Structures are given as C-alpha cells and as structure tokens.
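**Student:** Compute the structure for the input listed below.
(one chain, ligands or ions: 1)
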Amino acid sequence: MVDLFDARLEYTQGRLDEHTSAADPMTQFHAWFEAYQQSEPHEVNTMTIASVDSHGQPWQRVVLLKAYDENGFIFFTNYQSNKGQHFAENPRAALHFFWGEQERQVQVQGLISKISRAETATYFHSRPRDSQLGAWASQQSQPIADRETLEANFAAVKARYESEDVVPVPDHWGGYRITPSRLEFWQGGAARLHDRVEYQQQENGDWVKTRLNP
Ligand SMILES: Cc1cc2nc3c(=O)[nH]c(=O)nc-3n(C[C@H](O)[C@H](O)[C@H](O)COP(=O)(O)O)c2cc1C
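**Tutor:** Okay, here's the model as predicted:
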C-alpha cells in the first residue's frame, strides 16, 4: 500500500461567513471565480460534471465551463456521448470546482437541459475551424480502432468542408445548461474547521443560506 498518511496541508487562505457571503449564489460564484482567475491557473474554466446512468451508477469527467450567469452554467459536448445519453434519461447533473490555490471548492446540483440551437451555433462558430471540424470527426465515447482512423476521419471531414466558408453545426453537438437548485461553497480552515455555506433554492425562487458542519 502507498501510504500518504503524512500528506496534509493546513488550510490558511481565508474564511467564509454565512452572514457576509452574497445573498445570491451566482454572485458569490462570480466573486470566487474572479479570485481564482486572478491567481492565473493553468486552465481557469475546468469543472467536473457528474451524470448518473440508468443503473444508478455515477460517472464524472472534466469539461470546460463556457458561460455562466444567473440562469446557470453552460458547457458544450456531443449529445450522443455517454454523458449525453445519461442526461437524456436522467436530466440531473452535479458540478464540482476545486480551486486549490484558494483552498476552495464549489459544488452545484441541479437540472440539466440543452440550450437553443441558436445559442449553440453562436458558440460553435466562435471556435477555431479545426475545432469545428473535430466535432464532426469524433463520435465521442464510441470505440475507434486506432489513432490513424481518428486522423483519417478528421482529414475526410476537412476535405468535405474545404470549399465551404461556414462549417455547419452538427446535430449531435451542442450546449447544456445546468440550472442550479443547490450550491455549496467550501473554504478550508485550520484544524479541519472548514467553512461551508449551502444555498438552497425555495419554491418561490428565493435562496436560503445555511452554514454546515465541516
Ligand atoms: C481539461 C479538459 C477539458 C475538457 N473539456 C471538454 C468539453 O468542454 N466538452 C467535452 O465534451 N469533453 C471535454 N473533455 C473530455 C471529457 O472529460 C470526456 O472525456 C468526454 O466529454 C467524454 O465523456 P463521456 O464519455 O463521459 O461522455 C475535457 C477533458 C479535459 C481533461
């Protein structure tokens, strides 16, 4: 067994208070996201998203957060991928952000739905052309014989659209929005006395804040 018993940090970066944190969780998320951005991480917009399959088995993977506002969090993917199939059957997702520099994590739970085709098209056409072609070339999450086959598929797609200025948006590709009903903000504390503030949305849309035990 690899023993990591002595691997530990004392968390000293800050405190989170349920009385002074923002009344609205997306305002709080924005403040923490900006603080993380200012620390110039390798890739600022990574997040882990969990889905649950038809057997109740949870799956997780990293995706890129591409937009957020008071309505939720948006990312883009292949709708026929594993996660796409899970969300078609069970439209619930959990997001996780770990911001180690600040000793923070944010958890989000909520419903997930496809964004409009117009919203997807706007983002799709903002991507580099090769990324647009890549969305056509990959049957995400399906087995493929080898790397050469993938590159041959990409070359074929590139040739197919060579004479077209605008690459069409594949039907199987697009954005999802996670509409949160719960968020939790976690700030590491000394002696493992961490601060946790949960925001739960009420039926009338209001958010209620609760401090949780670490
Ligand atoms: C840093 C990073 C960013 C990624 N961004 C995306 C993304 O925005 N969209 C996406 O579909 N997959 C992204 N991936 C790949 C996913 O983690 C995953 O492999 C893929 O979406 C297939 O997942 P699935 O089989 O569970 O559907 C990213 C992976 C990493 C490590």
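
**Student:** all contacts plus neighbour counts: C-alpha atoms, from now on.
**Tutor:** Will do.

**Student:** And the residue nearest the centre of this structure?
**Tutor:** The centroid of the chain falls nearest to Met47 when counting by CA atoms, centre = their mean (4.0 Å).

**Student:** which bits of this structure sit near the ligand?
**Tutor:** Within the chain, the positions adjacent to the ligand are 46, 61-64, 75-78, 81-83, 141 by CA under 6 Å from any ligand atom.

**Student:** what does the average pLDDT come to for the longest strand belonging to the chain?
**Tutor:** Longest strand of the chain, by residue count under DSSP state E: strand 173-187. Strand 173-187 carries an average pLDDT of 98.

**Student:** returning to that earlier point: restricted to buried residues, select the residues of the chain next to the ligand in ChimeraX.
**Tutor:** To isolate the buried members of those in ChimeraX, using 16 or more other CA atoms under 10 Å:
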select :46,64,75,76,77,78,81,82,83
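
**Student:** The closest residue to Pro214 other than its chain neighbours and Asp206, how far apart?
**Tutor:** Spatial nearest neighbour of Pro214, chain neighbours left out: His194 (5.1 Å); criterion: CA to CA, 6 or more residues apart in numbering. Distance, His194 to Asp206, using CA to CA, to the nearest Å: 26 Å.

**Student:** Let's verify Met26: helix, strand, or coil?
**Tutor:** helix (DSSP: H, G, I helix; E, B strand; the rest coil).

**Student:** Contacts only, for it.
**Tutor:** Asp69, Glu70, Gly72 (CA atoms under 8 Å, 6 or more residues apart in numbering).
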